[in-house]
Each structure stands twice: as C-alpha cells, then as structure tokens.
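Enquirer: whatever this is, show me its structure:
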Amino acid sequence: MTAYSNLVRRIPKGPVDVVGDVHGEMDALRDLLGHLGYDLIGRHTEGRRLVFVGDLIDRGPDSPGVVRWVRRMMDEAGALAVLGNHEINLLRGLDKGFDNAWFFRNSPPAVRAEMIELLTGLPLVLERDDLRVAHANWHDDSVDLARNANCPIELFEEHDALIDEFLRMNPPPDPVEAGLLKQNHNPVKRITSGPEQRAGAGKPTEGERVHQQRETWWDSYTGPLCVVGHYWRMQDPDKPSSNHLFDDTRPHALLGKGHVMCVDYSVGKRYLERQRNGPDFKGPFHLRLGALRLPERTLIFDNGTTAPLG
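Expert: The predicted structure follows:
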C-alpha cells in the first residue's frame, strides 16, 4: 500500500471538479462555483468535491479573500488544494514585484502572518488510481522525494543546497546549464513550475527567462490522467505571445498522448483587461477561470459556458 506524506495526499473516490489557477480573482471564483453548483462553503448536493491546482494568489484584486475562502471550503466541505509556484514564492519570502506586491507592500503584518499560516501545510501533489493533480508537472522521481518529506520549503532548500554543492564541484559550461540544473533537479521547483530547456531560436515564451523555456513534458507522459495549471492556456487577444506549448486552435484538447490536461485559462491576466478598460471594469472578460468536471470530462467556465474535452 502506498504511504502518503503531508506533501503527497490522497484524493477520495467520487466526482470532482478541478479548478484552474485563481490568482486572486474572487469574483471569477464565485461565478464559477455558482455554475458548478456549489454553495458558499463548498458543498454540492451531488456530493462532488472541489480540487484546486494551486496559484490561488497574486495578480488579481483579492488574494487574501481567495485563500481564506478556499481554506474554509477545505475545512468545512473537504475541498483539496495543492501548492503552486506563487505560493512557494510567498512561503520562501521572495518579493516578486508586481505579482505579490499585495503581500509584501500592501498587507499589514497580521494579514501576512495569516496568509503564511493558511498556506502552510498544503501538499505538493494529490493522487488516486485514476487521477493525479500537480500545479505544473508530475515527475515520478520528484514525487517520490516528496513522499518522504513533510515541509515543502525544507525540501526545496535541501535540494537547492545539494545542487549548489554539485555545481561547485562540477562547474557548468555556462550559466544557462546551472539554471537548468537548479530548475529541473529540485523536486519542489520541478513539481510547481515544471521542467525547462534551453530556449530555441527566436523569442522565448513571454514571461520566461531569456535563455530558458518551458518543456512540453506531457509529450512523453503515459500515467493516469494528470491535471495541471500554470501554463497560460488562453492568451490575451490584445497582447498575444509566442506560446510554443499549445495548439491554439484546440483550446480544450488533452495534451501530449492524451494523459495530461491543463486547466489554466489565464484568469490571472485579467489585470491586463482592467488596465485597458479601467479598474472598475466588470467584463465581459476574454480570459477565463475554468474547471474540469470528472468523470464527465467537461470543462465549465466562470461565464457559464461549457466544452467537452477534445
């Protein structure tokens, strides 16, 4: 029988709704849960369960409200959530400028302490026989390391130090190689922000480091269905980027060999739509918050539209 640590937890049997990156967008979350049929504490008349893929925070207007609400649904209705890279940044004390200015510059100490307490203890991945949930990447070796750990920050720092020692003893040919080692061989970074490779010719994907780009790890993944967020599946039509990861003509398709689904429909970039239309703009928004309904394999969005996988 598989042993479960605090960082690798079990998804109970039954129907679930896996919600993409919320990024502080409280109104979008409220609208989505209404369309999914949940009440305000996360209960569903059909016994369904909410599962969040991480990145509850940053960019949107109400990160504290989202965290408080999700934790209440976890406590009162059995909702589940994993850590995303934005939560890891906060727990590590990394000031990321605009992304988490709400925390480092706009929240009083009591709110900062509350957020750390509410986010501490979330797992890195969730699993059951037919379903896996991780923020960015299911990587067996990294998950196995997480099974033997209980604190994501301690796990991160332990492997960061091991990689630094390896690099000291084995100087890399260039800084890009060092960056890739620190990205791909730290289990916490691997799970929450995914593997990377050297950037190919031309401009790398928007928001990524100049010489590194995200890797389409799902092309070789063959395990149980794995649902992730992280990858900005939908692009802002007024600020298109050279996203090399997806076929934009198939926004609802499974990825790779059909075993991975990304449910990040880029609600975290709604701030761009507000910048163009004013801070009080209420929509309609182009960018969405979505959820994958299982076992139905149907996508439901915060504006009430639906789409089958395909």
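Enquirer: how many residues are close by the nearest residue to Asp95 once chain neighbours are set aside?
Expert: Of all residues not flanking Asp95 in the chain, Phe104 sits nearest, at 4.7 Å (Cβ to Cβ, 6 or more residues apart in numbering). The C-beta positions use only the backbone N, C-alpha and C, and glycine is treated the same way. Counted with other Cβ atoms under 10 Å, the neighbours of Phe104 add up to 15.
Enquirer: quick check: phi and psi on Phe104?
Expert: Here is the backbone geometry of Phe104 (degrees, to the nearest 10): phi -80, psi -20.
Enquirer: distance of it relative to Asp62?
Expert: 16 Å (Cβ to Cβ, to the nearest Å).
Enquirer: Arg105 now?
Expert: From Arg105 to Asp62 the distance is 16 Å (Cβ to Cβ).
Enquirer: then Gly278?
Expert: In terms of Cβ to Cβ, Gly278 sits 18 Å off from Asp62.
Enquirer: which of the two has more neighbours?
Expert: Each of Gly278 and Asp62 has its neighbours counted (other Cβ under 10 Å); Asp62 has more, 17 against 9.
Enquirer: surely that one and Met26 touch.
Expert: Yes. Contact criterion Cβ atoms under 8 Å: Asp62 and Met26 qualify, at 4.2 Å.
Enquirer: host element of the nearest residue to Phe281 once chain neighbours are set aside?
Expert: Nearest non-adjacent residue to Phe281, counting by Cβ to Cβ, 6+ apart: Arg274, 5.2 Å away. Arg274 is part of helix 270-277, with elements assigned from DSSP states H and E.
Enquirer: and Ala161, how many neighbours does it have?
Expert: Based on other Cβ under 10 Å, the number of other residues close to Ala161 is 10.
Enquirer: wasn't Glu157 part of a helix?
Expert: Yes. Looking at Glu157 with DSSP: H, G, I helix; E, B strand; the rest coil, it is inside a helix.
Enquirer: how much space between it and Arg92?
Expert: For Glu157, the distance to Arg92 - Cβ to Cβ - is 8 Å.
Enquirer: for Leu7, same thing?
Expert: Leu7 is 15 Å from Arg92, by Cβ to Cβ.
Enquirer: ditto for Arg43
Expert: Counting by Cβ to Cβ - Arg43 and Arg92 are separated by 34 Å.
Enquirer: neighbour count winner among the two?
Expert: More crowded of Arg43 and Arg92, by other Cβ under 10 Å: Arg43, with 17 against 13.
Enquirer: OK, contacts around that one?
Expert: Glu76, Ala77 (Cβ atoms under 8 Å, 6 or more residues apart in numbering).
Enquirer: mind checking which helix or strand of this structure has the lowest mean pLDDT?
Expert: strand 212-214 (a mean of 90; mean pLDDT, DSSP states H and E).
Enquirer: each with direction, which strands does the helix or strand that that strand is followed by pair with?
Expert: Downstream of strand 212-214, the first helix or strand assigned by DSSP H and E is strand 225-228. Sheet pairing here is set by DSSP bridges, and for strand 225-228 it gives strand 131-134 (parallel), strand 260-262 (parallel).
Enquirer: nearest to Leu289, of these?
Expert: strand 260-262 (13.5 Å; Cβ to Cβ).
Enquirer: and for the closest one, what are the contacting residues?
Expert: Outside strand 260-262, the residues touching it (Cβ under 8 Å, 6+ apart) are 218, 221, 225-231, 233, 246, 254-255, 292, 309.
Enquirer: again, but for stretch 103-123
Expert: 6-9, 57, 63-64, 67-68, 71, 81-83, 87, 90-91, 95.
Enquirer: then it to PDB, C-alphas only?
Expert: Output in PDB follows, covering the C-alpha atoms of stretch 103-123 (Å, rounded to 0.1, in the frame of the first residue of the first chain):
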ATOM      1  CA  PHE A 103       1.600  40.700   0.300                       C
ATOM      2  CA  PHE A 104       5.000  42.400   0.700                       C
ATOM      3  CA  ARG A 105       3.900  46.100   0.400                       C
ATOM      4  CA  ASN A 106       0.100  46.300   0.800                       C
ATOM      5  CA  SER A 107      -0.800  43.900   3.700                       C
ATOM      6  CA  PRO A 108      -0.300  44.600   7.400                       C
ATOM      7  CA  PRO A 109       1.800  42.100   9.400                       C
ATOM      8  CA  ALA A 110      -1.300  40.400  10.800                       C
ATOM      9  CA  VAL A 111      -2.600  39.600   7.300                       C
ATOM     10  CA  ARG A 112       0.900  38.400   6.200                       C
ATOM     11  CA  ALA A 113       1.100  36.100   9.200                       C
ATOM     12  CA  GLU A 114      -2.400  34.800   8.500                       C
ATOM     13  CA  MET A 115      -1.600  34.000   4.900                       C
ATOM     14  CA  ILE A 116       1.500  32.100   5.800                       C
ATOM     15  CA  GLU A 117      -0.500  30.100   8.300                       C
ATOM     16  CA  LEU A 118      -3.300  29.300   5.900                       C
ATOM     17  CA  LEU A 119      -0.900  28.200   3.100                       C
ATOM     18  CA  THR A 120       1.400  26.300   5.300                       C
ATOM     19  CA  GLY A 121       0.600  22.600   5.200                       C
ATOM     20  CA  LEU A 122      -0.800  22.400   1.700                       C
ATOM     21  CA  PRO A 123       0.600  19.400  -0.300                       C
END
